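Student: based on what follows, work out the 3D shape:
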Amino acid sequence: MIDIHCHILPGIDDGAPSFSIAKRMLETAAADGVDTIICTPHYSWGGRAKADPIRKSLEPIAAAAGIRLLPGMEYFYSNVHEEKELQPLGDSSFLLIDLGCPTLPPSTGELFFSLERRGYQIVIAHPERYLTDFDSCKELSRLGVFFQLNADSVLGRNGTFCRRMAEQMIRNGYCHFIASDAHGEHRTFRLGECRSRLEADRGAEFSELVMERNPQRLLKNLAPETPPIKRNWLSKLFRSGD
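Tutor: Got it, this is the predicted structure:
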């Protein structure tokens with residue numbers, strides 16, 4: 001599997017605090033079935049320049065675990081405009097953006113239009129964690145963005161609200177990618193567990209799409225496919241956590 005959102009680079013943000021923790025994260029990821037990780041530290045001034053040498057230093061350790069590391073960055077809505085040359089996911093044109101607010105800022109459409117004119121496509125990071133109004137998902141979709149949900153949210157590990165928002169988004173076709181958003185040993189890789197759960201309840205085609213085929217399409221700079229809408233498939237999955 002390809003993990004498109006992961007804070008594995010040590011010493012940059014609130015992710016892995018050291019190379020030893022990053023090594024253990026890589027071992028966990030490999031055991032979870034991950035073979036490619038896009039490294040997405042939180043953006044900060046000079047963060048991109050700092051991230052590249054750290055990633056290259058980690059690459060031999062990753063290779064020993066059978067994992068390929070690719071460059072990336074997670075931008076906040078408030079700071080994505082601060083650099084002229086933005087770091088997309090891998091060699092694609094996709095930017096990972098965390099809105100980080102419960103409702104859409106008034107300037108959302110203007111900002112996204114500006115980024116799209118510059119040739120970027122937009123992936124919204126874990127919107128199920130902060131959006132409180134499902135209509136915001138509809139508006140974001142109208143603006144042409146794509147959605148990445150966290151595996152922990154689907155599994156119910158981020159609380160009831162996140163679980164239910166993830167359910168609603170998946171049920172309505174607003175899920176294109178599922179990623180780990182791993183930050184260390186306290187927030188780790190559960191993609192394999194999530195995939196098995198989704199396979200059991202939605203079927204192998206859906207889980208393969210959001211956890212394998214669409215990430216592969218992203219790395220080829222192709223727009224992800226939108227899964228078909230099936231409204232009743234999550235009843236068993238989510239009823240157990242109520």
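
Student: burial of Gly46, as a residue count?
Tutor: 9 (other C-beta atoms under 10 Å). C-betas here are computed from N, CA, C, even on glycine.

Student: just Ala64 next, same as before
Tutor: Quick note: Ala64 (other C-beta under 10 Å) scores 12 neighbours.

Student: equivalent analysis for Asp98, please.
Tutor: Applying other C-beta under 10 Å, we find 24 residues neighbouring Asp98.

Student: partners of the residue lying closest to it once chain neighbours are set aside in the sheet?
Tutor: Distances taken as C-beta to C-beta, 6 or more residues apart in numbering place Ala125 nearest to Asp98, at 4.4 Å, with adjacent residues excluded. Bridge pairing for Ala125 (DSSP bridges) gives the partners Gln148.

Student: mind listing what Ala125 touches?
Tutor: His5, Glu74, Leu96, Ile97, Asp98, Leu99, Gln148, Asp181 (C-beta atoms under 8 Å, 6 or more residues apart in numbering).

Student: one more: Ser114?
Tutor: By C-beta under 8 Å, 6+ apart, no residues touch Ser114.

Student: helix, strand or coil for it?
Tutor: Assigned by DSSP: H, G, I helix; E, B strand; the rest coil, the conformation of Ser114 is helix.

Student: helices and strands of this protein: which one bottoms out on pLDDT?
Tutor: Least confident element among the helices and strands of the chain, by mean pLDDT, DSSP states H and E: helix 235-239 (a mean of 49).

Student: so how far is Asp52 from Arg129?
Tutor: As judged by C-beta to C-beta, to the nearest Å, Arg129 and Asp52 stand 28 Å apart.

Student: more crowded one of the two?
Tutor: Higher neighbour count among Arg129 and Asp52: Arg129, with 20 against 13, using other C-beta under 10 Å.

Student: what lines up beside the helix or strand encompassing Ile38 in the sheet?
Tutor: Here Ile38, judged by DSSP states H and E, is contained in strand 36-39. In the sheet, strand 36-39 lines up against strand 2-6 (parallel), strand 68-71 (parallel) (DSSP bridges).

Student: show me where this structure has its helices.
Tutor: 19-31, 47-64, 108-117, 134-142, 151-154, 160-171, 191-201, 204-208, 214-219, 235-239 (DSSP state H).

Student: show me what the longest one is packed up against.
Tutor: Helices and strands in packing contact with helix 47-64 are listed as helix 19-31, strand 36-39, strand 68-71; criterion 3 or more C-beta pairs under 8 Å, 6 or more residues apart in numbering; DSSP states H and E.

Student: give me the angle between that helix and helix 19-31.
Tutor: Angle, helix 47-64 to helix 19-31, by axes from the mean of the first three to the mean of the last three C-alpha atoms, to 10 degrees: 60 degrees.

Student: what mean pLDDT does helix 47-64 get?
Tutor: In this model, helix 47-64 carries a mean pLDDT of 94.

Student: got a list of contacts for that helix?
Tutor: With contacts defined as C-beta under 8 Å, 6+ apart, helix 47-64 is touched by 8-13, 19, 22-23, 26, 37, 39, 41, 68-69, 71, 73, 83, 87.
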